[in-house]
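Visitor: Turn this into a model:
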Amino acid sequence: MDQGIIGLEPARDVMDTRMDVHVAGMSCASCVRRVERIVAAVPGATDVAVNLATERASFSTAPDFRTRALTEALRAAGYPAVEETLDLAIAGMTCASCAGRVERALLAVPGVVSAEVNLATERARVRVVAGVAGLGELTSALRRAGYEAAQAQARAETSGAEVAGAASRRDGIVAALALAFAFPLLLPMLLMPLGVDAALPGWAQLGLAAVVQFGFGARFYRGAWRALWAGAGNMDSLVALGTSAAFGLSLWEFAAGHGGHLYFEASAAVIALVRLGKWLETRARRQAGEAIRALERLRPERARVRRSGAELDVAAADLRVGDMLVVRPGERIAADAIVREGEGSADESLLTGESLPVPKEPGSRLFGGALNGEALLLADVTATGAESQLARMVRMVEDAQAAKPPVQRLVDRVSAIFVPSVVGIALMTFFGWWASGAAIETAAVNAVAVLVIACPCALGLATPAAIMVGTGVAARHGILIRDPAALEQSRAIHTVVFDKTGTLTEGRPDLVALYPVAGEPADRALRLAAALQAGSEHPLARGVLAKAAHLTLPATQGIRALPGRGLEGQIEGQRLLLGSGRLMEEAGVDTALLRAEAADLAHDGLTVSYLAEGGRLLALLGFGDAPKVGAADAVAWLRAQGLRVVLLTGDNQGAADAAARLLGIKEVWAEALPADKAALVASLRAGGAVAMVGDGVNDAAALAAADLGLAMATGTNVASAASGITLMRGDPMLVPAALDIAGRTYRRIRQGLFWAFAYNLVGIPLAAFGLLSPVVAGGAMAFSSVSVVGSALLLRRWHPAIGSGTRR
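Guide: The predicted structure is shown next:
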């Protein structure tokens, strides 16, 4: 289930209907009464009945009822309606106007909370109230609007790729045949400047043009008829209307025997060129999605497992968590796993962007889809199918491609009125020329040029095509752009804030110093510190546990993490604290006995922790954590771009200052709690947009508070969930690379939209004033979409060559 709410819902005109909504969070009769009041307060909701036992709210809805208003009101009160997300594959969309009409048709279905339609992928993501709207209601609504839809399947299926490839080849053949039939009609016009009269007889022109018009152009008539039946217009409407006018005018001239010029070449050429353009556009769109399909193809179909002592060959889909996976040298790994036996390496380049093989040994993680190296590995399966790292990567990229950045909202508003506006301009062009004394043929030809040059396709493709290519190429290099809004935010970044441990440093600190107070055995202090941290995933805990591996640890009770400060627990009846100087100060523990040692450790750049028992100081621990390779280069690149770089850490001031000196960071904020980090990020936003880079639970609030969050996937899921961009490996150089590709992608979006708008704003007036023939207008319209997608495809050449250019 997915309970987020996005999108806008338009007014709809439907008969009153009964809705039954599953409401979560009700626990008593007072909750029932409150939910009844909330539902009744939503405009259009009447006759409300709430059942606590079934957790259902039933009510009647009037035409002005808004599902989104209900779900927002329930969520704000703490009683969220249970929602689910459906992905639909939609056939029949040809332009931005189609995408807008599909979106409005979906939003008009009772129970739909939001809908986002992507023209480039021909998919819709629909969020519905569970049990109220389902696949049947959605597909029926789209069928009434003139489109066919089905639940989307994984795009990596071989059969789907083969079908798409066959359809593309068929469209290419049709476009070639249409051009072959239209060429004899165009040839006389091309030879005319040379003084050669190669005009065909009228009956021959009519025959060739009819084949193109009603044979190869039939798809435009079908699309136009569906749009007309739904009470709307689209690109098919413009092509069908314009070419029919040119063909009809020529037919009338031929039948009347006027002997004037016939315009059969205009109608035939427009249809042939548009069919060619749509074929090229489809090919370009498939290339735009190639990166995500390459990721999906990494998943092998078969796997070897060892069960009950026997080695079996099974379908990868049948793998279970806990199975022992047998991975031979050179094979692709079928599922996420932990190495049990064997030492070797794996090529994870297509998953993380890491070009070098990654060493593997017992305890190392394996990712499904990675390529095993030279050793036989035995590994325990930890995740399969949709829960694997590969599947999550694909899902995150698909989510980003399905969503819309803020800049697309303007396009949606323009697309909604585009086709009616163009038809209106064409009519004004016809009557304007006719009223000015021009021949009716001239007026009609200029009106046809207006109809065929208008191109809503380019408007609809500019944003999704760039997002498809940009997010795909970023994923290949280990950068997952989870939120399209991050593309727009990246170009405005003024300050980059880094967490220290695990982000700029290795995150594997070693325990390099342990000072017990006088009379306290060092081994006992180490035992107690290790016991407190036995179940912790904190980097400092791993350093302590590694040193205490030879010791027997006592039992613990009531272990509790204290975010940003440390942890506490009970051992042998005593309350123990392990953490920062701030924690000791809050607990009233006097650290004066080891203050000098702590100052020396901090001066040397070590992280300092204190251990206390029953309010009494026991020991001081010092941890060393080396900066990551590339961290200083990443900071230098960001500063060279004019960005302010800040180090923000919960570590002590001495360790933070020492790390900052090594990395070239001038501004340091140390000893910060999670709430302090979020507050500092919020204060920095007053001076410009802020990007926050982190990897742990302590960073989640700061990541969410920033304009743009970048989370290292080597950290926690909480951090990743709070970020707009996830970096698939802990390489600081991915931070400037992520800002670079995000900025370049947004720039392509803006360029595509500029040329799409400029093309229509310039082309339509030129056609209206008679400066463009229908043939030229048709060719320009056909190739405008191709040029927009082609521009987006240039992003495929991007590589993270940091330092070789500018981000903005």
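
Visitor: Next up, the contacts around residue 622.
Guide: 511-515, 601, 606-608 (Cβ atoms under 8 Å, 6 or more residues apart in numbering). Where you see a C-beta, it was placed from the backbone N, CA and C, and this is true even at glycine.

Visitor: That one belongs to a strand, doesn't it?
Guide: Yes. Assessed with DSSP: H, G, I helix; E, B strand; the rest coil, residue 622 lies in a strand.

Visitor: Once you drop chain neighbours, what's closest to it?
Guide: The shortest distance from residue 622 to any non-neighbouring residue, by Cβ to Cβ, 6 or more residues apart in numbering, is to residue 513 (3.4 Å).

Visitor: For that neighbour, which residues are in contact?
Guide: 597, 601, 606, 620-622.

Visitor: now swap in residue 638 and tell me
Guide: By Cβ under 8 Å, 6+ apart, the residues touching residue 638 are 496, 645, 735-736, 739.

Visitor: would you list every one of the helices in the stretch 601-750 of the chain?
Guide: Secondary structure of the stretch 601-750 of the chain (DSSP state H, counting those that start in this stretch): helices located at 631-640, 653-663, 674-684, 700-705, 717-721, 734-768.

Visitor: Would you tell me which one of those helices is buried the most?
Guide: helix 700-705 (a mean of 24; mean count of other Cβ atoms under 10 Å).

Visitor: Do a quick rundown of the strands in the stretch 101-250 of the chain.
Guide: For the stretch 101-250 of the chain, the strands defined by DSSP state E, counting those that start in this stretch cover 112-118, 123-129, 148-151.

Visitor: How about residues contacting stretch 583-600?
Guide: Contacts to stretch 583-600, defined as Cβ under 8 Å, 6+ apart, come from residues 513, 515, 517-518, 562, 565-566, 577, 581, 608, 610, 612, 615-617, 619-620, 654.

Visitor: can you count the residues close to the closest residue to residue 799 other than its chain neighbours?
Guide: Spatial nearest neighbour of residue 799, excluding adjacent residues (Cβ to Cβ, 6+ apart): residue 477 at 7.4 Å. Residue 477: 23 surrounding residues under other Cβ atoms under 10 Å.

Visitor: now swap in residue 431 and tell me
Guide: Residue 431, neighbours per other Cβ under 10 Å, totals 12.

Visitor: avg pLDDT for whichever helix or strand it is part of?
Guide: Remark: residue 431 resides in helix 408-435, with elements defined by DSSP states H and E. Helix 408-435 shows a mean pLDDT of 82.

Visitor: Among the contacts of residue 622, which ones are in strands?
Guide: When the contacts of residue 622 are checked against strands (DSSP state E), the matches are 511-515, 607-608.

Visitor: would you turn those into TSV with distance to residue 56 and pLDDT?
Guide: Output for the ones in strands among the contacts of residue 622, formatted as TSV (distance: Cβ to Cβ, whole Å; pLDDT from 0 to 100):
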residue	distance to residue 56	pLDDT
511	56	89
512	61	87
513	62	90
514	60	92
515	63	92
607	54	81
608	56	87
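
Visitor: Now the buried members of the residues you listed.
Guide: The neighbour count (16 or more other Cβ atoms under 10 Å) marks 511-515, 607-608 as buried among these.

Visitor: For those, work out which two are farthest apart.
Guide: 515 and 607 (14.1 Å; Cβ to Cβ).

Visitor: Confirm for me that residue 639 is in contact with residue 663.
Guide: No. Using Cβ atoms under 8 Å as the test, residue 639 is too far from residue 663 to be in contact (10.5 Å).
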